[in-house]
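>>> coords below, sequence missing:
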């Protein structure tokens, strides 16, 4: 990871969370790293940016690993391995250390939260469904806020929204009513407990539910399902042409997708031609996914 001044921050000598079974050991390790005072933090940031001291970068990162883990835990009900979410949170933390500017007059923790959340959000959008859930700003806004707003309105079931409910949600999020309806249908089968009880309350519904069984088998099944989805997606992608694969991967399955113009420049074709290929490739991919899933039944 290269800093603005050319420095490279590597993921070396940092505690690693290998899988969900290693989480307890990981949490114990990161508790051992001390919390920095503001003076220590400023000194380390200056040492990193002015002298390229990678030891300073490592101390800044390790001292904030608990913050990254805490943020990651708020995303635990999306059906994805928590170990992977924490790893993505740590990547966001590293990006924050790389980009941090003392002139912003805020602590690194305040600045890092936004990078951590952005990294996790991108990972969830890449992994939550077989084909990327949302690509537009409106879709992303709906993906992360629809359930919270529905919970506030007392709409906990997965039925179709009434016209007045759609209108209310669309007005609050400043999106089209048709986009609200479409996203509600997409999320219909995934009732999440990861929604706040109130708009200004950090407590989530899941925090009020006691897990008496610690259902390891259920957690394993969720992890295996997520891995199966990724395997199916990769298998189906390989059935597309090289050009189709390139467009889908670079436009749909990365945290920073390239534009139609950028794809056209790389492939030596027009922007419109890229759009046409993408449209056809998505149809092929969805058909392949459906065939693969049906064959499993």
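Perfect, I can see it now. Predicted model only: the values in this text are computed from it and were never measured. Numbers count the residues shown, from 1 in each chain.

>>> From here on, just use CA atoms for contacts and neighbour counts.
Fine.

>>> Tell me where the model's unsure across the chain.
Regions of the chain meeting the criterion pLDDT under 70 cover residues 1-13, 17-21, 77-79, 128-140, 144, 156-158, 186-226, 228, 255, 293-297.

>>> Report the outermost residue of it with respect to its centre.
Ranked by distance from the centre of the chain (C-alpha atoms, centre = their mean), the top residue is residue 51, with 32.9 Å.

>>> From residue 91, how far off is it?
Using C-alpha to C-alpha, to the nearest Å, residue 51 is found at 23 Å from residue 91.

>>> got it, and residue 34?
Distance from residue 34 to residue 91, by C-alpha to C-alpha: 20 Å.

>>> Of the two, give the one with the bigger neighbour count.
residue 91 (20 against 11; other C-alpha atoms under 10 Å).

>>> my guess is the more buried one contacts residue 116, does it?
Yes: Residue 91 is in contact with residue 116 according to C-alpha atoms under 8 Å; the separation is 7.4 Å.

>>> what secondary structure does residue 33 sit in?
Three-state call for residue 33 (DSSP: H, G, I helix; E, B strand; the rest coil): coil.

>>> how many neighbours does the closest residue to it other than its chain neighbours have?
Sequence neighbours aside, residue 63 is the residue nearest to residue 33 in space, at 5.5 Å (criterion: C-alpha to C-alpha, 6 or more residues apart in numbering). Residue 63 has 18 neighbouring residues, counting by other C-alpha under 10 Å.

>>> Spit out the contact partners of residue 63.
Residues in contact with residue 63 (C-alpha atoms under 8 Å, 6 or more residues apart in numbering) are 30, 33-36.

>>> Now a ChimeraX select for only the buried ones of these.
Typed into ChimeraX, the line below selects the buried ones among the contacts of residue 63, using 16 or more other C-alpha atoms under 10 Å:
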select :30
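
>>> Just put the contacts of residue 63 in CSV and tack on distance to residue 286.
Shown next, in CSV, are the contacts of residue 63 (distance: C-alpha to C-alpha, whole Å):
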residue, distance to residue 286
30, 42
33, 46
34, 49
35, 48
36, 49
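
>>> Quickly name whichever of the contacts of residue 63 is closest to residue 161.
residue 30 (44.0 Å; C-alpha to C-alpha).

>>> how far away is residue 150 from residue 250?
In terms of C-alpha to C-alpha, residue 150 sits 33 Å off from residue 250.

>>> which stretches of the stretch 101-250 of the chain form helices?
Along the stretch 101-250 of the chain, counting by DSSP state H, counting those that start in this stretch, helices occupy 108-127, 137-152, 163-173, 177-186, 216-237, 242-252.

>>> Just the closest of the contacts of residue 63 to residue 258, please.
residue 30 (35.7 Å).

>>> Now do the same for the closest one: helix, strand or coil?
Applying three-state DSSP: residue 30 is helix.

>>> got the contact list for it?
15, 62-63, 65-66.

>>> would TSV of those residues with distance to residue 24 and secondary structure be doable?
Output for those, formatted as TSV (distance: C-alpha to C-alpha, whole Å; DSSP: H, G, I helix; E, B strand; the rest coil):
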residue	distance to residue 24	secondary structure
15	12	coil
62	17	helix
63	18	coil
65	14	helix
66	13	helix
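
>>> Turn these into a markdown table, including distance to residue 254.
Formatted as a markdown table, those follow (distance: C-alpha to C-alpha, whole Å):
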| residue | distance to residue 254 |
| --- | --- |
| 15 | 25 |
| 62 | 26 |
| 63 | 28 |
| 65 | 24 |
| 66 | 26 |
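
>>> List buried residues within these.
62-63, 65-66.

>>> now the helix or strand containing residue 286, how far from the centre of its chain.
Element membership for residue 286 (DSSP states H and E) is helix 271-296. How far helix 271-296 lies from its chain's middle: 23 Å, per C-alpha atoms, centre = their mean, to the nearest Å.

>>> Could you tell me the angle between it and helix 242-252?
For helix 271-296 against helix 242-252, the angle between stretch directions is 90 degrees (axes from the mean of the first three to the mean of the last three C-alpha atoms, to 10 degrees).

>>> Tell me the helices and strands packed up against helix 271-296.
Helix 271-296 makes packing contacts with helix 216-237, helix 242-252, helix 260-267 when contacts are defined by 3 or more C-alpha pairs under 8 Å, 6 or more residues apart in numbering; DSSP states H and E.

>>> re earlier: tabulate the helices of the stretch 101-250 of the chain in a markdown table, adding columns for mean neighbour count and distance to residue 271.
Compiled in a markdown table, the helices of the stretch 101-250 of the chain are given as follows (neighbours: other C-alpha atoms under 10 Å; distance: least, C-alpha to C-alpha, whole Å):
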| stretch | mean neighbour count | distance to residue 271 |
| --- | --- | --- |
| helix 108-127 | 19 | 24 |
| helix 137-152 | 18 | 21 |
| helix 163-173 | 15 | 31 |
| helix 177-186 | 17 | 25 |
| helix 216-237 | 15 | 22 |
| helix 242-252 | 18 | 12 |
